[in-house]
Structure formats: structure tokens, C-alpha cells
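J.: Predicted model follows, preceded by the sequence.
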Amino acid sequence: MFSKEELNFRIQINSLIDKFLPKNWQKYPDERLDEDWELSKKIKKELAKNNWIAPSWPKKYGGLDHNISSSIILSEIFAYRMSPGNDRFGVRMIGPTLLKYGSEYQKEKYLNEITSGEVQWCQGYSEPNSGSDLASVSTKGDYDEEKDEITINGTKVWTTLGHRADRMFILVRTLQNSKRHEGLSLVILDMSDPGIKVNPIKNVSGSSSFNEIVLTNVKTSGKNIVGKLHEGWMVALDLLNFERSGIDYIGWAERCLDDLEKYCKDIDILSRDHIKITISSLRANLESAKIMTYKALWIKTKDEKIHMEPSMSKLLATEINIKIHDFAFEILSKNATIKDNNHDDFASRILKNRFFFISGGILGGTTEIQKNIIAQRGLGLSK
């Protein structure tokens, strides 16, 4: 499927990761932690030296003008290796959105920042009491035409890496009293702007990757509106389509399945019918989900429409990832523990990852939302 050059690129990316990760790295990258955050920054800088952060972007924005396959390879390898350093918010979400909708000012400024490896982004979509209803955005963006300036007031929540971020793309209601999908604008903010307060949200383990972002009279130039004023709904939806490729879940799932198959072989249970049949079935379903994911990424390069394939791939990829980890947990149930003194690193990793991947059917749009998109926007079914 991949060309000789693309397979060589795969080797190069793996070699770069080898320079930074310990040989038996078993951690899911947790950029809440200082050591993983520092490691992430080092890897991004190394990628930037070779213009590898976004290889499919134009050269003038720090890319290599490669086709989408190079970006697929990069993301899949980083997920498989569980390596920090892959900037999903910048490279996969706001970057492609700016390439499609952004002004030349925005492309020159923000895309080159991303490919330099120096800037971290976060996403300002979710709001308190809104659930998955993105169209219920209430954060206000009052536009002053004379000053060409927007003043933003409101609260965003569940903002991943908000405490690490330099910039945010945020959806705000710029046409007050507008209904649902109307009167929204996608805006870029500098996280150091006056009036932005970041409140970390601690989880049961005492750490935080999510944050609440409170915006009080935050001002930004009209130059930072992505697309047209008051017409940001479709821009915001397209950005979500870029996010929902599912490629990370494919990489995580394949790594888990490969490691589980080796584990079963090492303890001499791979030949048991139940084990053999289940692993074979999971492998087939994984390959099917992977092909759907490749198609979803490829189809975005072919026309300007918003398709149902990203939702399909997101759904398939998250589901197969959960199924593989559930089966691994079944095999490892007697060994799996989160205690720090546990010597079975693989079992400990499976347990921690399984808990984390509960979020897969929620973040980026819930499973129910994806099914509605497929049914209504894709198949034309009624609500």
C-alpha cells in the first residue's frame, strides 16, 4: 500500500523515536507530567529539524509537500510506540482547518509556529452544562467593527492541555440572540492574553489533563477569525472531521494486540482455540477499521465536502481498541494492577490504558453523536 519512499520514512520516524524512548517503554504518554511534557518538546524539536511535524503541508509552511500518507505514517507510529511529541491539536485539527479556511496572514503566522515545534494548542469547544451539544455555545464574542476587535466572555471546560497551551482555537457566539448553528465564529486566542484564567480539573488520581478556561473581557483582533464572521459553524464541524480520523486508536490497538499475542506465546497459551480464534477475529476487525481510517483521511484531500467517513472511522477505531484491551484485560486479569511496585509492566499498562480509553467513546464527539452523523448526514435518514 505504501511506496518505497514512504516505507523508508517509517524507518526514519522509528529511528528518531528510538533516540528518545527507553527500550522497554510501556507508558501511555501523559503530558500532564513534567517528564513527559519535556520529552514531548524535545521530540517535537527533533521532528522540526527535518520538517517532519506536518510532512504533508506545503514547504512554505514548514512541511515537505508530501501526500497524506506521510502524515498517516507519522501519527500511526507515534500511537503504536506510545510516544509523546505528536501535536494532535496543532497538526491534525487547527492546521488543516487553516489550510482550508485561513487567511494568508493566519497561515504564515500559525502554521509556521506549529511546524517549528515551539507552540502548543488547545481546543475551546465544550462548555459547562452543554454535554455534546456543540451548537448550544453561549460564550459571547462581541465584535467591534470600528476597531475590528472581538471581546470574549464565557467559560470553556474539559480543555485538554489548556495548562500547557500557548494558543487556543475557540468557538464563540458573535451574533447575539442567534439560534443554534447560526451566528458562531471560530477564533484564535493567545493564552497569555489578559482575561484568560486556567483552572486545572483534578481527577481521582490527583492529577489533571483537563482544565476549565474562564474568559473575562478577552480581546483579540478580527484578523484571528477563521473563515467569515458569524459563519463559523461549518468551519468548526470541518475541524472536528479532521480530528476524528481514529488513527491514534488504530496505533494503540495494534500495539496492544501485538504485545498480547507475544505474551500469550511466551506463556504457551496461544495454541488454545479460544485464544487463537479471538486474536484472529480481533486482528481481522482491526485491519478493517484501519482501512476505514485510511479512507477517511484520504477522502478529506479529494473534495471540500464534510463526509461521514471520519465519524465511521472514529467509531470503528475506538470500538476495536476497547475490544482488544478488554480481551487483554481478560487474559491478564490476575496480573493487572496499578500498584507502583508491580513488576509486570505490560499488565499494569493494559489496566491503566483500559481505564483511560473509556474516554474514547466520549471525547471528540460521543459514540451516539457519531452514529447520528452517519445516519443523518451520511445516509440521509430523518432525525
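T.: That came through fine.
J.: how close does the residue nearest the centre of the chain get to Leu21?
T.: The centre of the chain sits closest to Arg88, judged by Cα atoms, centre = their mean, with a distance of 4.5 Å. Distance of Arg88 to Leu21, computed by Cβ to Cβ, to the nearest Å: 18 Å. Using the backbone N, CA and C atoms, a C-beta is placed for each residue, glycine as well.
J.: Next: Ile11.
T.: 16 Å.
J.: And what about Glu368, helix, strand or coil?
T.: helix (DSSP: H, G, I helix; E, B strand; the rest coil).
J.: That one - how many residues pack around it?
T.: 11 (other Cβ atoms under 10 Å).
J.: Could I get the contacting residues of it?
T.: Ser132 (Cβ atoms under 8 Å, 6 or more residues apart in numbering).
J.: Doesn't Val214 belong to a helix?
T.: No - read with three-state DSSP, Val214 is strand and lies in no helix.
J.: The closest residue to it other than its chain neighbours in helix, strand or coil?
T.: Once flanking residues are discounted, Val214 sits nearest to Lys197: 4.5 Å by Cβ to Cβ, 6 or more residues apart in numbering. Following three-state DSSP, Lys197 is assigned to strand.
J.: I'd like to know how far Lys197 sits from His163.
T.: 11 Å.
J.: which of these two has more neighbours?
T.: Between Lys197 and His163, counted using other Cβ under 10 Å, the more crowded position is His163 (21 against 12).
J.: Can I get the lowest-mean-pLDDT helix or strand in the chain in PDB, CA atoms only?
T.: None of the helices or strands of the chain scores lower by mean pLDDT, DSSP states H and E than helix 367-372, at a mean of 73. The C-alpha trace of helix 367-372 is given here as PDB (Å, rounded to 0.1, in the frame of the first residue of the first chain):
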ATOM      1  CA  THR A 367     -20.500   7.400  20.100                       C
ATOM      2  CA  GLU A 368     -24.100   8.400  19.900                       C
ATOM      3  CA  ILE A 369     -23.200  11.700  18.100                       C
ATOM      4  CA  GLN A 370     -21.100   9.700  15.600                       C
ATOM      5  CA  LYS A 371     -24.000   7.400  14.800                       C
ATOM      6  CA  ASN A 372     -26.300  10.300  14.400                       C
END
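J.: Buried residues of that helix, list them for me.
T.: Ile369, Gln370, Asn372 (16 or more other Cβ atoms under 10 Å).
J.: now these in a markdown table, with distance to Lys219?
T.: Listed next are those as a markdown table, based on distance: Cβ to Cβ, whole Å:
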| residue | distance to Lys219 |
| --- | --- |
| Ile369 | 33 |
| Gln370 | 36 |
| Asn372 | 36 |
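J.: what's the model's confidence in the longest helix along the chain, averaged?
T.: Across the chain, the longest stretch assigned as helix under DSSP state H is helix 273-299. For helix 273-299, mean pLDDT rounds to 91.
J.: Work out the gap between it and the centre of the chain.
T.: What separates the centre of helix 273-299 from the centre of its chain is 20 Å, taken as Cα atoms, centre = their mean, to the nearest Å.
J.: what angle do the helix or strand following that helix and helix 273-299 make?
T.: Using DSSP states H and E, the next helix or strand after helix 273-299 towards the C-terminus is helix 309-332. Angle between the axes of helix 309-332 and helix 273-299 is 160 degrees (criterion: axes from the mean of the first three to the mean of the last three Cα atoms, to 10 degrees).
J.: Would you mind pulling up the elements that helix 309-332 packs against?
T.: Using 3 or more Cβ pairs under 8 Å, 6 or more residues apart in numbering; DSSP states H and E as the contact criterion, the elements in contact with helix 309-332 are helix 233-243, helix 247-266, helix 273-299, helix 345-356, helix 367-372.
J.: Among those helices, which comes closest to Arg167?
T.: helix 233-243 (14.1 Å; Cβ to Cβ).
J.: and the closest one with helix 309-332, angle?
T.: Using the same axes, to 10 degrees: helix 233-243 against helix 309-332 is 40 degrees.
J.: other SSEs contacting helix 233-243?
T.: helix 95-101, strand 184-190, helix 309-332.
J.: Recalculate using a threshold of 10 Å.
T.: helix 95-101, strand 121-124, strand 167-173, strand 184-190, strand 225-226, helix 273-299, helix 309-332 (3 or more Cβ pairs under 10 Å, 6 or more residues apart in numbering; DSSP states H and E).
J.: Indicate which one of the ones you listed is closest to Tyr61.
T.: helix 95-101 (7.8 Å).
J.: Give me the next element, helix or strand, following the closest one.
T.: helix 104-106.
J.: just how off-centre is that following helix within its chain?
T.: The answer for helix 104-106 is 24 Å, by Cα atoms, centre = their mean.
J.: Looking at the next helix or strand after that helix now, give me its mean pLDDT.
T.: Toward the C-terminal end, the helix or strand that comes next after helix 104-106 (DSSP H and E) is helix 112-116. What helix 112-116 shows for mean pLDDT is 97.
J.: Which elements pack onto helix 112-116?
T.: helix 34-49, helix 95-101.
J.: List the contacts of the longest one.
T.: What that stands for is helix 34-49. Helix 34-49 is contacted by residues 13, 16-17, 19-21, 27-31, 33, 52-55, 62, 74, 78, 83-87, 90-91, 114-120, 161, 163-164 when judged by Cβ atoms under 10 Å, 6 or more residues apart in numbering.
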